[in-house]
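Visitor: Predicted coordinates and the sequence they were generated for:
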Protein chains: 4
Amino acid sequence: MIIVMKPGATKEQIQHVIDLVHDFGLKDHPIYGTDRTVIACIGDKRTVDKGAIENAPMVEQIVPILAPYKMASTEVKQTRTEIPIGPKQFPVGGNKVGVIAGPCAVEGRDQLLRTADAVAAAGAIGLRGGAYKPRTSPYSFQGMREEGLKILEAARDATGLAIVTEAIGIESLDAVAEASDVVQIGARNMQHYPLLEAAGRCGKPVMLKRGPSAHLDEWLLAAEYVINAGNSQVILCERGIRTFETYVRNTLPLAALPALRRRTHLPVLIDPSHGTGHAYMVPNMCQAAVAAGADGLLLEVHHDPEHALSDGAQSMTPAAFGEMMNMLKRIAKAIGREM
Amino acid sequence: MIIVMKPGATKEQIQHVIDLVHDFGLKDHPIYGTDRTVIACIGDKRTVDKGAIENAPMVEQIVPILAPYKMASTEVKQTRTEIPIGPKQFPVGGNKVGVIAGPCAVEGRDQLLRTADAVAAAGAIGLRGGAYKPRTSPYSFQGMREEGLKILEAARDATGLAIVTEAIGIESLDAVAEASDVVQIGARNMQHYPLLEAAGRCGKPVMLKRGPSAHLDEWLLAAEYVINAGNSQVILCERGIRTFETYVRNTLPLAALPALRRRTHLPVLIDPSHGTGHAYMVPNMCQAAVAAGADGLLLEVHHDPEHALSDGAQSMTPAAFGEMMNMLKRIAKAIGREM
Amino acid sequence: MIIVMKPGATKEQIQHVIDLVHDFGLKDHPIYGTDRTVIACIGDKRTVDKGAIENAPMVEQIVPILAPYKMASTEVKQTRTEIPIGPKQFPVGGNKVGVIAGPCAVEGRDQLLRTADAVAAAGAIGLRGGAYKPRTSPYSFQGMREEGLKILEAARDATGLAIVTEAIGIESLDAVAEASDVVQIGARNMQHYPLLEAAGRCGKPVMLKRGPSAHLDEWLLAAEYVINAGNSQVILCERGIRTFETYVRNTLPLAALPALRRRTHLPVLIDPSHGTGHAYMVPNMCQAAVAAGADGLLLEVHHDPEHALSDGAQSMTPAAFGEMMNMLKRIAKAIGREM
Amino acid sequence: MIIVMKPGATKEQIQHVIDLVHDFGLKDHPIYGTDRTVIACIGDKRTVDKGAIENAPMVEQIVPILAPYKMASTEVKQTRTEIPIGPKQFPVGGNKVGVIAGPCAVEGRDQLLRTADAVAAAGAIGLRGGAYKPRTSPYSFQGMREEGLKILEAARDATGLAIVTEAIGIESLDAVAEASDVVQIGARNMQHYPLLEAAGRCGKPVMLKRGPSAHLDEWLLAAEYVINAGNSQVILCERGIRTFETYVRNTLPLAALPALRRRTHLPVLIDPSHGTGHAYMVPNMCQAAVAAGADGLLLEVHHDPEHALSDGAQSMTPAAFGEMMNMLKRIAKAIGREM
């Protein structure tokens, strides 16, 4: 942490800040420059509320230096994490790019099994589908819940796909963890800490989506909550951020891929369905994501998007999905990865 | 809802869309323009996933017309909602502007009671203070929890202030609702629907903060979850949004005040502490909020901000708070309100 | 400037960075911490492209410390700048709050004189009105140009109001500077440097609007271009930023007022017309701006907003303007300012 | 255009709006729904300031339907535009992906020729390099100007590369157009209309960068200014937008590629140097851009980034560039394009 004093700070004011630094258990290292004094603070105190020092007289700003997360960081673990998922133990985070596809919501046995068969045939390694749906409106379809979980299990039995489904609260977490191969924490819940802590104890890999306005630090700290509670099997999933753009539901920032690779050893998936909101853009962004180094994709596929109960606008048909998968395999090969 | 067709859509393609409109239980009303056809859809079907129609061939865009919330809207209830809070039943949403102040977190009995006395003396009508703290890092101070709730109750007994404190999950909601006069739902949990539904059954007024990237519709739909679950006592609290600006922790969009007044009958508070992140900006923004028509303020005050365990940088001292309150009273009077 | 090295940087890598620091004419001051080394760089070299050092091996990040502007800053000039404008030499930046009002565009002599009379009668000190209009579409009304300037001069003669009008390029700058009392540089041109430099030589006060996505530093550096070219008479005008919000044309960040007061001695106006985009929100935000400490307001008033050739949606009627001015006077008085 | 009335609008209020619609030369088409009345307006009046109607009593909102641009749109021209550039007349916008690379600024003859040779050898089809530099600070290096243009011409003679360089104002436009093969309009000038109009008469292809907070409509209207002034040779270049993200200089929204392909026939380049701000991210984002369907790339390459006079942090070395080009060729092939 670096504390920048305003020009004209007196000796006493500088000493007052140094005293605060000591109060926080840090070592001070003042540097007297031509224009102003800065105080470098040495010591690994990630728990200190650094902002408090900003209130001291003549302090201009506080500049943090250390990343606030530990176990998720490449500083603590240099080797990349591989997380085997599903009946076939597909290693997410390795050289192979894994695609997880399926409808936004489980709407019925037929719907799910048809889509599951289609995506398995096209080369997907996992099946997504919400049993519990967090919906913006209380009047929207809220999911088939327990019944949906059973249908997902049947789809796994029928296809061997890894099941990825969302837990929307701690009260349904056990049922979700029991039925699924990967427990999804949705974007809206990225900072619901009781759920993160419970997910840390759930015994299944966790897929943690980025909140629509989360900084990378905040996202990695959310992952740190899960790891800190005992579960190091965390897969990150970028699903787009909220910006001023209106031609997309969210802006999909693929530069997060190289940025995260520097910061964390955890695997990273990209969700171009939520990341764009429009089916016609999804293939372009899937291609881009694979080319940019994503460890996998999370995608919405529905056998009849025009009648989907949710997210119809961003769902691909099985036919379009199959065609795209062929393109993605060629791109993966071009960058030295498999699919 | 208006469906805009692309230029060149054929009769069959238009008919296909009209069939979809009927599938959704809506009445179609096509308008054949010079450049393109648009189809107005009539009927109150807020539950339909309108996006699905976007997938039909030659559809260009879907334009929603109706606000998706009902009970929170001024269309359903024209009179403004007043919510009496605390031992003195201060009516939030009436002509009086109410100020709720206190530390970010309850750190101990002395700390809280000292601050409570000070803010009560200066004219506050409520005391804020977190017993359960949602913290970005798992390594930060997580609050005094049950013990913190007891201290808050003691502060109410000592001062008569209404107690406002946050519920961070359904597992601690009952305890929070029991101890507090207003249950706060924090910005991170604005779309944690199980908590919203539980808050709808908790028997206490709910203060619902806006998420840092929530659209007004999403925020009002979150309020609708609470109301729909049985609790019409919802106070909204704007605490700033995430933008590209870096000189503030959040950008505080005060135009939300007139915008919300058009859309909803619920009272609206402003939180300039989180809305700026820096104590030196808080008085200016409190003055602005009162002048712009806020029903009240939520503020962080700490007797020793330099040593606060959280949010020190944005906490005012009791002295600065007292001085500011005098200014605010004059502004309230200038616009015809009381304080 | 602080250079943060990655953990594990070798002596040679650190020395390489120190050599680069010397290449740039700066003095190095390395600090060897527990986790990593940081190198503080001392010396006032605002012209150095600091980013270049980021490319050196094992550099993690570069943290700038000094504000990049000089003459606009409170470090160089502590007394606040007052800029007298118009025939009556109203001092913008002093204790009095000045309101500049008028139509978006000069549409004709009658229209302008009627509005000028009305705003003068209500207490405005300046008249705004575009003769040259920068329009998003080439097919929109582009302004009355030279003829518009003559009408503005006639309005000054009739009312004594200071004339504020925009220069949209260097080719029309001389004519605009000749006719007006304050030359406006619009938000779209905030970083059109040839125009800023020419405005620095134009001999009239300059009102510089903030670009819709400009950081405060970038804005103040744009002001620095004008000052550096010889004109210290710069008035800043905040007109809202582009964010994800859709209920407003722009989000108006009033916390810029205290933030700018810390950083610069230049006066700051607020433009709630562009800052909201909707006439019904303008009074609330004018009230907020005055209460938050604005040195003045820039406002759109049109005698017949429904038929305005531009910005009709955000224009007030003269009657609404007059009523609001009375409220603003009371608020100004409440905070110890005059109007 | 659709006008949405508030619930409870009277017959007279609806008639008043219909009268306004007629004033604007449009045909009305009212639809009386269950909750409210909407008025569809028919007629191609892109010049009307639609916002003005918002001021009429009981109008809730105005929803535009038609895209405001014409000549840039796929509605007017369905075939894709190919723009041949440089001595070899490389067709930008065809099946071949063209890479334009070079330093941020021309710093000298040696620097430019070395880099030009290197990028030509690696397969670039154009050379970028600023002779006139728009710099955020007046104290930064402002470019070699006329002398820089001569060096660029020498580089073209030596390598056959197409020269792309920026015009920062109309006063230097003629010299820039004379020396270059493509005239760049930078992001800061995207809405400097006098420059756009002059570029429309300059006789050379124009590369128009997106402003950092421009909506697609605004960008395409800026292109429309150039086309409308007589120059249909417009290449769009996406260089990232300003968002809340801090790990990048700009967020690069690649979904603009499919979105623009729907809306316009103009070719689109991607600039991952400005689009990320960090050299280590550039290869990932170049790969992503090609895979997503970009017509080409604009890139910063410097023979010694650590000592570059500007944009060092985002400049690749020639060696890294060469390596990346091989990867890009494989990706282009994978999606059926050439390079």
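Guide: Nice, I can see it.
Visitor: going forward, measure contacts between C-alpha atoms and count neighbours the same way
Guide: Will do.
Visitor: Now name the helix or strand holding the residue in the stretch 101-250 of chain A positioned nearest to chain B.
Guide: The nearest approach of the stretch 101-250 of chain A to chain B comes at residue A:140, 4.8 Å away (CA to the nearest CA). For residue A:140, there is no helix or strand it lies in under DSSP states H and E.
Visitor: any idea how far chain D is from it?
Guide: With the distance defined as CA to the nearest CA, to the nearest Å, residue A:140 ends up 20 Å from chain D.
Visitor: now do residue A:104
Guide: Distance of residue A:104 to chain D, computed by CA to the nearest CA: 21 Å.
Visitor: residue ranges for the helices of the stretch 101-250 of chain A, please.
Guide: Under the criterion DSSP state H, counting those that start in this stretch, helices of the stretch 101-250 of chain A are mapped to A:109-122, A:146-159, A:170-179, A:193-199, A:216-228.
Visitor: Could you export those helices to a markdown table, including columns for mean neighbour count, mean pLDDT and distance to chain D?
Guide: Below are the helices of the stretch 101-250 of chain A laid out as a markdown table (neighbours: other CA atoms under 10 Å in any protein chain shown; pLDDT from 0 to 100; distance: least, CA to the nearest CA, whole Å):
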| stretch | mean neighbour count | mean pLDDT | distance to chain D |
| --- | --- | --- | --- |
| helix A:109-122 | 20 | 97 | 18 |
| helix A:146-159 | 19 | 98 | 29 |
| helix A:170-179 | 18 | 97 | 30 |
| helix A:193-199 | 23 | 97 | 23 |
| helix A:216-228 | 25 | 97 | 8 |
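Visitor: how about those helices in JSON lines, adding distance to chain B?
Guide: As requested, those are exported to JSON lines (distance: least, CA to the nearest CA, whole Å):
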{"stretch": "helix A:109-122", "distance to chain B": "16"}
{"stretch": "helix A:146-159", "distance to chain B": "16"}
{"stretch": "helix A:170-179", "distance to chain B": "8"}
{"stretch": "helix A:193-199", "distance to chain B": "6"}
{"stretch": "helix A:216-228", "distance to chain B": "6"}
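Visitor: can you pull the contacts of the nearest residue in space to residue A:198 that is not next to it in sequence?
Guide: Once its chain neighbours are removed from consideration, residue A:198 has its nearest residue in residue A:170; the separation is 6.8 Å (CA to CA, 6 or more residues apart in numbering or on different chains). With contacts taken as CA atoms under 8 Å, 6 or more residues apart in numbering or on different chains, residue A:170 has the following neighbours: A:194-195, A:198.
Visitor: where does the stretch 1-150 of chain A come near chain B, residue by residue?
Guide: Remark: the part of the stretch 1-150 of chain A in contact with chain B comprises A:20, A:46-49, A:51-56, A:68-69, A:134, A:136-141, using CA under 8 Å from any CA of the partner chain.
Visitor: burial of the closest residue to residue A:330 other than its chain neighbours, as a residue count?
Guide: Excluding the flanking residues, the one nearest residue A:330 by CA to CA, 6+ apart is residue D:334, at 5.3 Å. Neighbouring residues of residue D:334 were enumerated by other CA atoms under 10 Å in any protein chain shown; the total is 20.
Visitor: Test my guess that residue D:334 contacts residue A:326.
Guide: No: at 9.8 Å, residue D:334 and residue A:326 do not qualify as touching, with contact defined as CA atoms under 8 Å.
Visitor: Mutual contacts of the two, please.
Guide: The overlap between the contact sets of residue D:334 and residue A:326 (CA under 8 Å, 6+ apart) is empty.
Visitor: Who are the contact partners of the residue of the stretch 51-200 of chain A found nearest chain B?
Guide: When distances are taken as CA to the nearest CA, the stretch 51-200 of chain A approaches chain B most closely through residue A:52, which lies 4.0 Å from it. Contacts of residue A:52 were listed using CA under 8 Å, 6+ apart, and they are B:305-308, B:310-313.
Visitor: How is chain A divided into domains?
Guide: Structural domains assigned to chain A are A:2-63, A:83-334, following automatic domain parsing.
Visitor: In chain A, what residue comes closest to chain C?
Guide: Sorted by distance to chain C under CA to the nearest CA, the residues of chain A start with residue A:244, at 4.1 Å.
Visitor: which residues touch that residue?
Guide: Contacts of residue A:244 were listed using CA under 8 Å, 6+ apart, and they are C:242-245, D:213, D:215, D:243.
Visitor: what's the closest of those residues to residue D:229?
Guide: Within the contacts of residue A:244, distances to residue D:229 taken as CA to CA reach their minimum at residue D:215, with 21.7 Å.
Visitor: any idea of the pLDDT on the residue nearest to that closest one when sequence neighbours are not counted?
Guide: Nearest residue to residue D:215 in three dimensions, chain neighbours excluded: residue A:245, at 6.5 Å (CA to CA, 6+ apart). Model confidence at residue A:245, expressed as pLDDT, equals 98.
Visitor: just the one 3 residues further on next, same as before
Guide: In the predicted model, residue A:248 carries a pLDDT score of 97.
Visitor: Next: residue A:45.
Guide: Residue A:45 carries a pLDDT value of 62.
Visitor: residue ranges with poor pLDDT in chain A?
Guide: Along chain A, segments meeting pLDDT under 70 span A:44-50.
Visitor: so where's the longest helix in it?
Guide: In chain A, with assignment by DSSP state H, the single longest helix is helix A:318-334.
Visitor: Now do that one and helix D:318-334, the angle between them.
Guide: When axes from the mean of the first three to the mean of the last three CA atoms, to 10 degrees is applied, the directions of helix A:318-334 and helix D:318-334 differ by 150 degrees.
Visitor: now helix A:318-334 and helix A:109-122, what's the angle there?
Guide: For helix A:318-334 against helix A:109-122, the angle by the same axes, to 10 degrees is 30 degrees.
Visitor: Touching helix A:318-334 from outside, list them.
Guide: Helix A:318-334 is contacted from outside by A:97, A:115, A:118-119, A:122-123, A:283, A:286-287, A:290-291, A:301-303, A:338-339, D:291, D:327, D:330-331, D:334-335, using CA under 8 Å, 6+ apart.
Visitor: Checking the residue lying closest to residue A:307 once chain neighbours are set aside next. Helix, strand or coil?
Guide: The spatially closest residue to residue A:307, leaving aside those adjacent along the chain, is residue B:52, at 6.3 Å (CA to CA, 6+ apart). Under DSSP: H, G, I helix; E, B strand; the rest coil, the three-state class of residue B:52 is helix.
Visitor: My read is that residue A:85 contacts residue A:93, right?
Guide: No: if you go by CA under 8 Å, residue A:85 and residue A:93 don't touch, sitting 10.6 Å apart.
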